[in-house]
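> Have a look; sequence and predicted model below, questions after that.
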Amino acid sequence: MPSRQLPPPPPPAHLREWLDETVVRADRARFLADLSRRSLGLGRLALLWALAAVFAFGWTFVGMAVMSFESGDAFGSLFGVLYAVIGLGVLIPAGFWFAWGARRERQVRHLLCAWVEAGRDPATDARLRAPARSLVWLTASLALGAVGLWLTFAAAAGARPGEDTYGEVAYLMGFGMILWITALLGLAKAGAHYRWAIRAFRTTPPPATTARRVLTETL
């Protein structure tokens, strides 16, 4: 299956009764492994941090634009306009990239829930809880958030009138905010997966009507 193509939804319950149970179970295990990797894999964490790096890169040009405008001369204003255009040229596509990723994440979550409800396989389901990967997301996000918060508050508290410009302070605070917002997204991801695993594997399977509703939302 191509990396950009999502697995198909499970067949409806009334059709699964006519299919080979071994084939359905094998498809379920294969698709759940792929969906789990897309949802909580280390590559997903690296992609989130790469997106944060793109935002930080664009914000750097915005900060340079503000500092150039503060110089007050003609060349400074000219370079400020140039930096602002470059910064917006980076931030706007990054925003679309983030929106596309959020939409794809929602699709993956719906498919993951639908395939979990399609049956039970203790060996496969135990791997889906992924405690090690959740711990990696949690610890990495906590470390990144601590750095971001420190940078944000240190930039505001350490500013000295006449020595630090508004542009420099705004740039450092914005850079720190990008870091801790990224950390919050990672923490929310780890927490959401933990809550989902508890609901999915410690409760009785929902009725078929609920499964069909999830499939309808996915399609």
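Received, thanks.
> give me the number of residues near T22?
Using other CB atoms under 10 Å, the number of residues around T22 comes to 8. No exception for glycine: its C-beta is placed from N, CA and C like everyone else's.
> Would you check how far apart it and L51 are?
Per CB to CB, to the nearest Å, T22 is found 40 Å from L51.
> again, but for P7
Per CB to CB, P7 is found 24 Å from L51.
> go on, V24?
36 Å.
> Pretty sure L112 sits against A33.
No. Here L112 lies out of contact with A33, judged by CB atoms under 8 Å, at a distance of 10.7 Å.
> The two: which is more packed in?
Neighbours were counted for L112 and for A33 using other CB under 10 Å; L112 has more, 25 against 14.
> the bottom helix or strand of this protein by mean pLDDT?
Ranked by mean pLDDT, DSSP states H and E, the weakest helix or strand in the chain is helix 208-218, scoring a mean of 43.
> just for this structure, where's the confidence low?
The model of the chain has pLDDT under 70 over residues 1-4, 13-20, 159, 162-164, 201-219.
> Which stretches in it count as helices?
With DSSP state H as the criterion, the chain has helices at 13-16, 21-40, 42-71, 74-117, 122-128, 131-157, 166-201, 208-218.
> Now stretch 58-73: buried residues?
Of the residues in stretch 58-73, 58-69 count as buried by neighbour count, 16 or more other CB atoms under 10 Å.
> try stretch 141-154
For stretch 141-154, by 16+ other CB under 10 Å, it's 141, 144-145, 148, 151-152.
> Tell me who's in contact with the residue most central in space within the chain.
Nearest to the geometric centre of the chain sits L48, at 5.3 Å (CA atoms, centre = their mean). L48 makes contacts with 182, 185-186, as judged by CB atoms under 8 Å, 6 or more residues apart in numbering.
> List the buried residues in stretch 101-118.
Under the neighbour-count criterion of 16+ other CB under 10 Å, stretch 101-118 has 108-118 buried.
> Return the distance of it from the chain's centre.
Relative to its chain's centre, stretch 101-118 lies at 14 Å (CA atoms, centre = their mean, to the nearest Å).
> Just the CA coordinates for it, please, in CSV.
Taking Å, rounded to 0.1, in the frame of the first residue of the first chain, the C-alpha atoms of stretch 101-118 are listed here in CSV:
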residue,chain,number,x,y,z
GLY,A,101,-2.3,17.0,8.6
ALA,A,102,-5.1,17.6,11.1
ARG,A,103,-7.7,16.4,8.6
ARG,A,104,-5.6,13.3,7.8
GLU,A,105,-5.2,12.6,11.5
ARG,A,106,-9.0,12.6,11.9
GLN,A,107,-9.4,10.1,9.1
VAL,A,108,-6.8,7.8,10.6
ARG,A,109,-8.5,7.9,14.0
HIS,A,110,-11.9,7.1,12.5
LEU,A,111,-10.4,4.1,10.6
LEU,A,112,-8.5,3.0,13.6
CYS,A,113,-11.7,2.9,15.7
ALA,A,114,-13.7,1.2,12.9
TRP,A,115,-11.1,-1.6,12.5
VAL,A,116,-10.8,-2.1,16.3
GLU,A,117,-14.6,-2.6,16.4
ALA,A,118,-14.5,-5.1,13.5
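> What's the separation between the nearest residue to G145 once chain neighbours are set aside and S68?
In space, and not counting its chain neighbours, G145 is closest to A183: 3.0 Å by CB to CB, 6 or more residues apart in numbering. Applying CB to CB, the value for A183 to S68 is 30 Å.
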